[in-house]
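Chemist: give me the fold of what follows.
(one chain, ligands or ions: 1)
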Amino acid sequence: MSETITRRGLAKTGAAAALGLLAPLHAADAAESGWRAGLARVCITPEQPVWMHGYATKVRFRPFVGKLNDLHAKAMALEDTAGNRAVLITVDLCVLRRKESEEVFRDLMQATGLERQQILICLSHTHSGPIVGTSDVSRFPMPEADRNRTIRYTATLRRKLVKVAADALGNLRPARLSYGVGKADFVVNRRLYDQNGKYRSMGPNRDKYVDRAVPVLRVDSPDGTRRALLFGCACHAVTLDGKNLRICGDYPGFAQQYIEDRHPGCQAMFATGFAGDANTDPRGTAQMARDQGRRLADEVCRVAEAKRQPVRGPLRLERTTVDLPLQQLPRKRLEQWAKGPGYMAHNAKRLLDLLAQKKPVPEHYRAPIAVWQFGRDLTLAALSGEVVSDYVPLLHKAIGSDRLWLAGYANCVFGYLPSARIVGEGGYEARGLIVDIGFFSEQAEALVVATVKQLARKAGRRLP
Ligand SMILES: [Zn+2]
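Modeler: Numbers count the residues shown, from 1 in each chain. Take a look at the predicted model:
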């Protein structure tokens, strides 16, 4: 082989890596090892019996009894060669409302010196974890002693989240990052329709779209030792149903546990995707949750072993809040909705109360949206709320589908974020805000998509 050909070959490889094309991992070893990563974890299983979040069933109107596995908060701190830092915290909890989220962010920023856009909190949305804070408490007939235990749990949780973030930042070590995508086979759409195409009820619907992608970010030591696997799945953690009284991370909790059992020393972390209208199938027993967790763990490990794309810096972090428009509804419509079903009545009744008291009706809800850009190699778009799966093709069209990681349930979960289609059709995911008041308008969709596009451009993603 002549020297010229060899040189040309090398030049080609280098150009491909520089362009961020599908370069095999070994070709970009040097470039991707510029990171430093720090990892930390803490158990957040409640030590005292507190009420659980996720189902408003009578069975659950009491504190939990026992546990199936532990809940965790896990942090991944990242630093690029220029010293840009960020911390991603994954938490095995159902929701963090605006008030509790703001308190947690205040604590985190104060303790770490980081700014808001440098911190991302991703929730697993397990429906077998504790209620956090007091935002939701008024919706339940909770005795004062139980309420006080929830308040004490929340204070402990806040301290633990600060500690886990600080610990991760405190043990930054050289690291290599790589990325791949697998597929989950137990995710189904949960909106059922009648023969005329009218929304009927919640239940498995295998004919409708869901996002089955399983994105995986692998963090290695320079010597190739696996240190962390961050993975996602766009599916509600509801395999354990409203009869369950045992604390559990549901399928994401089991998946993390199985990955860590298989690779001691490796921290598994889970971030939910756009799962607003996606449920597990089947549902009902702990064995089903274990089985789905095992299948997801198998897939994550398969992707982590397979050929992956290098993820290089620099890290660019963008964040904004967007005032999502709420519907301004005539009193007649509200009176109609107030009669039921319950999921529509919740907001309708509260809006009628505001009108009766001559108080202003909210026109917007302010939702955070974040984009983290890893060089030319990966974009993480993290939206707050329970984002429905329609936003996956919408964002693919707006900013491209390649090397795009979509996370919902990030930073704050205010209720569902419906698409314009779902607002028009109605049904469970059109029920609006849970603690704050109002129904999202069809116009919210365009604003969300435009905002993500703007942030992605600002962060340096190549747009189609
Ligand atoms: Zn949900």
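Chemist: where does this protein dip in pLDDT?
Modeler: By pLDDT under 70, the low-scoring segments of the chain are 1-33.
Chemist: and the next helix or strand past the strand or helix carrying residue 298?
Modeler: Residue 298 is part of helix 286-305, with elements assigned from DSSP states H and E. The element immediately downstream of helix 286-305 (helix or strand, assigned by DSSP H and E) is strand 309-310.
Chemist: show me the strands paired with that following strand, marking each as parallel or antiparallel.
Modeler: Counting by DSSP bridges, the strands paired with strand 309-310 are strand 173-183 (antiparallel).
Chemist: please, where are all the strands along the stretch 201-350 of the chain?
Modeler: Along the stretch 201-350 of the chain, counting by DSSP state E, counting those that start in this stretch, strands occupy 213-220, 226-233, 267-272, 278-280, 309-310, 315-325.
Chemist: any chance of those in JSON lines, with distance to residue 150 too?
Modeler: For glycine as for every other residue, the C-beta is placed from the backbone atoms N, C-alpha and C. As requested, these are exported to JSON lines (distance: least, Cβ to Cβ, whole Å):
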{"stretch": "strand 213-220", "distance to residue 150": "33"}
{"stretch": "strand 226-233", "distance to residue 150": "28"}
{"stretch": "strand 267-272", "distance to residue 150": "23"}
{"stretch": "strand 278-280", "distance to residue 150": "27"}
{"stretch": "strand 309-310", "distance to residue 150": "43"}
{"stretch": "strand 315-325", "distance to residue 150": "27"}
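Chemist: quick one, which of those strands is nearest to residue 298?
Modeler: Between residue 298 and these, the shortest gap by Cβ to Cβ is with strand 213-220, which sits at 10.5 Å.
Chemist: which elements pack onto that closest one?
Modeler: On a contact count with 3 or more Cβ pairs under 8 Å, 6 or more residues apart in numbering; DSSP states H and E, strand 213-220 meets strand 173-183, strand 226-233, helix 286-305.
Chemist: helices or strands up against the shortest one?
Modeler: Packed against strand 226-233, as judged by 3+ Cβ pairs under 8 Å, 6+ apart, are the following elements: strand 35-43, strand 213-220, helix 250-262, strand 267-272, helix 286-305, strand 404-407.
Chemist: now do the second one against strand 173-183, angle only.
Modeler: Inter-element angle recorded for strand 213-220 and strand 173-183: 160 degrees (by axes from the mean of the first three to the mean of the last three Cα atoms, to 10 degrees).
Chemist: what sits against residue 362?
Modeler: For residue 362, the residues meeting the contact criterion (Cβ atoms under 8 Å, 6 or more residues apart in numbering) are 326, 436-438.
Chemist: run a quick neighbour tally on residue 358.
Modeler: Burial of residue 358, expressed as a neighbour count using other Cβ atoms under 10 Å, amounts to 6.
Chemist: what of residue 195?
Modeler: Neighbour count of residue 195, defined by other Cβ under 10 Å: 6.
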